[in-house]
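Trainee: need coordinates for the below:
(2 chains)
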Amino acid sequence: MLSKLKINVAVEVSSRVNNLFCARFFLARTYLFVLLLVAGGATTVQADYANSQDFQLHGFISQGLIDVNGSDFVNDDGGLSAELTEIGLNASYQLTNKFRLAAQVVYLDGGNRYSQGARVDYALLDWSAFTNESWQANVYFGRFKNNHWLYSSSRDIPFARPSIILPQSVYFDGFRDIAVGSDGIAAKLSHSTDEYGNFDWQLSYGSSPISDEQTKNILSEYAQGTAEQDYDAQASIYWQPAFSPWRFGLSLLEAGFIYDQGGVGSGDVFFDSDFTFQFYTMNAIYEGEKWEFSGEIYQQRFTIDGFYFPAFQLDNMGQGFYLQSRYKLTQQLTLLARYEDFYLNKEDKDGKELQQITGGAIPYYFAFHKDITLGVNYDITSNFSMRMEYHWVKGAGRLTPVVVPNTIINNAEDWQMWAVQLMYWF
Amino acid sequence: MSAIEVITHPQVVERSLTKSQLRRIYTMRQLRWSDNHAITVFVLPSQDALHQRFAKERLQIFPYQLNRIWHKLTYSGLGVAPAVVKSEQELIQAVSNTPGAIGYISEATLIKLSQSYNNFSQGALNMDDGQKVSVKGVINVVKIKD
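Mentor: Coordinates of the predicted model:
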């Protein structure tokens, strides 16, 4: 009774805080918008080549409409939504021959997909440790972007990713703020030869801050404690044979998380716990004049030690892949088709065990996520594009909250969504 | 159809480049000239017909692939992408004003430019080692070898 009361109070307080936040975010969005217009204007007014010297300013703005039927992917009421806003502004400044500063601020609004608002996307010092005709070695200090997966560094850049909504099994929006980058150190080594082609090796080590809103998104809306990322270590290699339309990649990730209920008096229904996440991917991409094929195949291991009760243990191996094809009908018009198949536990692909263990509290379809996507992209000018797509989804395995799912709204195995988006960049 | 010429700032030491060097420079995998000066790369907008031809004919890479490489550098903080200028005229100006610069123009534009420069400076047109035209002191025309 007491804990219920506490939850009610907490919900009321958080909704008031949310209202306040909404107003602030709206203001922040307006500021950013004006800033962007001024910046865009400034770069066109000044002679453009001045932008090439030591200082560069770039940005993008995009707005879309999205309609989801049958899940809480974007909103809880299932109505048509304009919560598809992505705005970014970045600057790069060459300090010396060897050092460069770069930073980007983005404002994102994706409804339930991730927390709404502005964030520092990256802010780093780039040390060009070594460079010659065929080698480049760079070390990045600060907040850097995850550059290990096929689309991890461009997931927020509407025109640089293949679709409005990316394959959620890899680019899960619920994990976006944690997976998009880290605060720490990263290194990149590139090598080009005429005989063997291009090689890119990358290493990164760091961690991401986790807000209370994200904690609730990932774990449960009732989680009152704090979650923290302990570490995130990643490595990847990409190889493009000389003058080949193919490129191949491999990546490894290991991350550790800690959940702290904040003492016995916190009223939290969950317990102190450790989470680990490992993720291995292989990818390939073919870039032809008309046809493009790409795909990623991956395995993940997720462990929980605690959380539901102190002695609770979970060790799940999930697997998945997606295959994507794009066809350039004309120079401006590109068609997209993609199939994605993912399950959270390879021993329980159809989710029957999940439903049984939880006594029916979590239905079987929370064990997987399958998505068939068709889309079209039209490049109106060199800096202005429009995109449309439709998704047929089976399963609720990639919806938030993750650990304690919302089975009331997500009461069906099949759900669909469509989205349109306009994008401008400079 | 007019051929495409690769041009550099007059102080750039390289008088010729191989196809793969040019490709490395435009895909931002080679960032310095042989004398260690930084390379500044200029391009026309991605939908410009000359840019499309330059990518396919000179670099043997599709324009959308170049866009992807450059977008990734620009919007993920990893590096710096080429500077986009609106016209060939602007590109010539940018290359001639920026030490270490490289760009491309059509042969027709280059001939027009060298003629007007020629008239203006009374015969300063310089022909050397297989270069068709060079507007000495303004831009260099770089020979591309296989």
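
Trainee: would you agree B:T109 falls within a strand?
Mentor: No: secondary structure of B:T109 (DSSP: H, G, I helix; E, B strand; the rest coil): helix, not part of a strand.

Trainee: residue closest to the middle of chain B?
Mentor: Ranked by distance to the mean C-alpha position of chain B (Cα atoms, centre = their mean), the top residue is B:G103 at 1.7 Å.

Trainee: show me what contacts the closest residue in space to A:P310 that isn't next to it in sequence?
Mentor: With Cβ to Cβ, 6 or more residues apart in numbering or on different chains as the criterion, A:P310 has its nearest non-adjacent residue at 5.2 Å, and that residue is A:F271. Bear in mind the C-beta positions are built from the backbone N, C-alpha and C, glycine included. Taking Cβ atoms under 8 Å, 6 or more residues apart in numbering or on different chains as the definition of contact, the neighbours of A:F271 are A:Q261, A:G306, A:F307, A:Y308, A:F309, A:P310, A:F312.

Trainee: name the helices or strands packed onto the helix or strand bottoming out on mean pLDDT in chain B?
Mentor: For chain B, scoring each helix and strand by mean pLDDT, DSSP states H and E identifies helix B:107-121 as the least confident one, at a mean of 78. Applying 3 or more Cβ pairs under 8 Å, 6 or more residues apart in numbering or on different chains; DSSP states H and E, one finds that helix B:107-121 makes contact with strand B:4-8, helix B:88-97.

Trainee: after it, which helix or strand is next?
Mentor: Sequence-wise, the next helix or strand beyond helix B:107-121 is strand B:140-145, with elements assigned using DSSP states H and E.

Trainee: can you tell if that next one touches chain A?
Mentor: No: Strand B:140-145 does not reach chain A (Cβ under 8 Å from any Cβ of the partner chain); its nearest approach is 12.5 Å.

Trainee: would you say B:R23 is within a helix?
Mentor: Yes: checked against three-state DSSP, B:R23 lies within a helix.

Trainee: tell me which parts of chain B are close to chain A?
Mentor: Applying the criterion Cβ under 8 Å from any Cβ, the portion of chain B that neighbours chain A consists of B:20-21, B:24, B:29-32, B:34, B:38, B:40, B:42, B:45-48, B:52, B:60, B:62, B:64-65, B:68, B:71-72, B:74-80, B:82-86, B:90, B:93-94, B:97-98.

Trainee: among these, the buried ones, what's the PyMOL command?
Mentor: Applying 16 or more other Cβ atoms under 10 Å in any protein chain shown to the residues of chain B next to chain A, the buried members can be selected in PyMOL as follows:
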select buried, chain B and resi 20+21+24+29+30+31+32+38+40+42+46+48+52+62+64+65+71+72+74+75+76+77+78+79+80+82+83+84+85+90+93+94+98
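
Trainee: the residues of chain B next to chain A in strands, which ones?
Mentor: When these are checked against strands using DSSP state E, the ones located there are B:T40, B:F42, B:A83, B:V84.

Trainee: any idea which of those is closest to chain A?
Mentor: The shortest approach to chain A among those belongs to B:A83, at 3.2 Å (Cβ to the nearest Cβ).

Trainee: wait, doesn't the closest one sit right on B:P45?
Mentor: No: under the criterion of Cβ atoms under 8 Å, B:A83 makes no contact with B:P45, lying 11.4 Å away.

Trainee: how much space separates the closest residue to A:K349 other than its chain neighbours from chain B?
Mentor: Nearest residue to A:K349 in three dimensions, chain neighbours excluded: A:Y343, at 4.6 Å (Cβ to Cβ, 6+ apart). Separation of A:Y343 from chain B (Cβ to the nearest Cβ, to the nearest Å): 30 Å.

Trainee: show me where the stretch 151-300 of chain A has strands.
Mentor: Listed in chain order, the strands found in the stretch 151-300 of chain A under DSSP state E, counting those that start in this stretch are A:181-193, A:197-207, A:226-240, A:246-260, A:273-287, A:291-306.

Trainee: hang on, the earlier thing: drop anything exposed from the contacts of A:F271.
Mentor: Burial by neighbour count, 16+ other Cβ under 10 Å: within these this picks out A:Q261, A:G306, A:F307.

Trainee: which of the residues you listed come close to chain B?
Mentor: Applying Cβ under 8 Å from any Cβ to those, none is adjacent to chain B.

Trainee: now, among those residues, which is nearest to A:H148?
Mentor: Distance ranking of these against A:H148, using Cβ to Cβ, places A:F307 first at 27.5 Å.

Trainee: OK, contacts around the closest one?
Mentor: Contacts for A:F307 were tallied using Cβ under 8 Å, 6+ apart; they are A:L219, A:Y259, A:F270, A:F271, A:S273, A:F275, A:V403.

Trainee: just grab the bridge partners of the nearest residue to A:N97 once chain neighbours are set aside for me.
Mentor: Distances taken as Cβ to Cβ, 6+ apart put B:A38 closest to A:N97, at 7.3 Å, once the chain neighbours are dropped. For B:A38, the residues forming beta bridges with it (DSSP bridges) are B:R32.
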